[in-house]
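In: mind folding the following:
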Amino acid sequence: SAPSSAATEIPARSLDPSEGAPLLYEAALFPHRSLPPQGFTVLMLALAAVSFVAGIVFVTMGAWPVTGFFGLDVLLLYYAFRVNYRQARRGEVIRLAGDALTIERASVRGAPRIWRFHPYWARLHLVEAETGENRLFLVSHGRSLAIGTFLGPGERRRLARDLQAALDRYRMPEFPN
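Out: Reported below is the predicted structural model:
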């Protein structure tokens, strides 16, 4: 039976993953971070050391106000990295099991939101721009949900291909619905 709306947002605690339905597809999506936390610590210590040495050089030359700008640069870079790492808390888990296609999204604050679609009616729509950028939407009953917004264009294309293949397998007549 099809749901009354395209995407039904449900509380996280009401989703029971142990329903016993066969798992047809699952993808855990997270933003890519090329610098691990240990690398961040090393980078910040190296930058602070270089700024400290350069600040001492400027103090000995009589240009002591420049030293404050070196410290400000280090603080601003630290803040930018902290914001970047906070964004890394975002994530999505896309799961196709039984008669439910669920999208669980964690925000930067960590609060999960879950949408449930009936996989028979759900359609993927990949919108390609002339610049090479794209957006991926899960569409059903006139409503849509953007998925994989933090992924790169190639990763979104791959996600669309894999999820479409899983939906096609679900819709095959020999699959017991």
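In: what's around the residue nearest to Pro22 when sequence neighbours are not counted, how many residues?
Out: Nearest residue to Pro22 in three dimensions, chain neighbours excluded: Ala97, at 6.6 Å (C-beta to C-beta, 6 or more residues apart in numbering). Backbone N, C-alpha and C define where each C-beta goes, glycine included. Using other C-beta atoms under 10 Å, Ala97 has 18 neighbouring residues.
In: check Ala97 and give its pLDDT.
Out: The per-residue pLDDT reported for Ala97 equals 92.
In: next: Leu15.
Out: Per-residue pLDDT puts Leu15 at 45.
In: again with Glu133
Out: At Glu133, pLDDT is 92.
In: try Ala48
Out: In this model, Ala48 carries a pLDDT of 92.
In: circling back: surely the residue nearest to Pro22 meets Pro119?
Out: No - applying C-beta atoms under 8 Å as the test, Ala97 and Pro119 come out as separate, 9.3 Å apart.
In: that older thread, backbone phi and psi for the residue nearest to Pro22, please?
Out: Taking degrees, to the nearest 10, you get phi -150, psi 130 for the backbone angles of Ala97.
In: gap between it and Met44?
Out: The gap separating Ala97 from Met44 is 43 Å, by C-beta to C-beta, to the nearest Å.
In: likewise Leu76?
Out: With C-beta to C-beta as the criterion, Leu76 and Met44 are 12 Å apart.
In: neighbour count winner among the two?
Out: Shown here are Leu76 and Met44; by other C-beta under 10 Å, Met44 has more neighbours (14 against 10).
In: next up, the contacts around that one.
Out: Val74, Leu77, Tyr78, Phe81 (C-beta atoms under 8 Å, 6 or more residues apart in numbering).
In: with just CA atoms, put the helix or strand hosting the first one into CSV.
Out: Same thing as Val74. Assigned by DSSP states H and E, Val74 belongs to helix 65-87. Written as CSV, here are the backbone C-alpha positions of helix 65-87 (Å, rounded to 0.1, in the frame of the first residue of the first chain):
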residue,chain,number,x,y,z
PRO,A,65,52.4,45.5,15.9
VAL,A,66,52.9,43.0,13.1
THR,A,67,53.1,40.2,15.8
GLY,A,68,49.4,40.6,16.6
PHE,A,69,48.5,39.9,13.0
PHE,A,70,50.4,36.6,13.0
GLY,A,71,48.4,35.6,16.1
LEU,A,72,45.2,36.7,14.5
ASP,A,73,46.0,34.6,11.4
VAL,A,74,46.5,31.5,13.5
LEU,A,75,43.2,32.1,15.4
LEU,A,76,41.2,32.6,12.2
LEU,A,77,42.7,29.5,10.6
TYR,A,78,41.9,27.5,13.8
TYR,A,79,38.3,28.8,13.7
ALA,A,80,37.9,28.0,10.0
PHE,A,81,39.0,24.4,10.6
ARG,A,82,36.7,24.0,13.6
VAL,A,83,33.7,25.1,11.5
ASN,A,84,34.8,22.7,8.8
TYR,A,85,35.1,19.8,11.2
ARG,A,86,31.7,20.6,12.6
GLN,A,87,30.2,20.3,9.1
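In: many thanks, have a good one.
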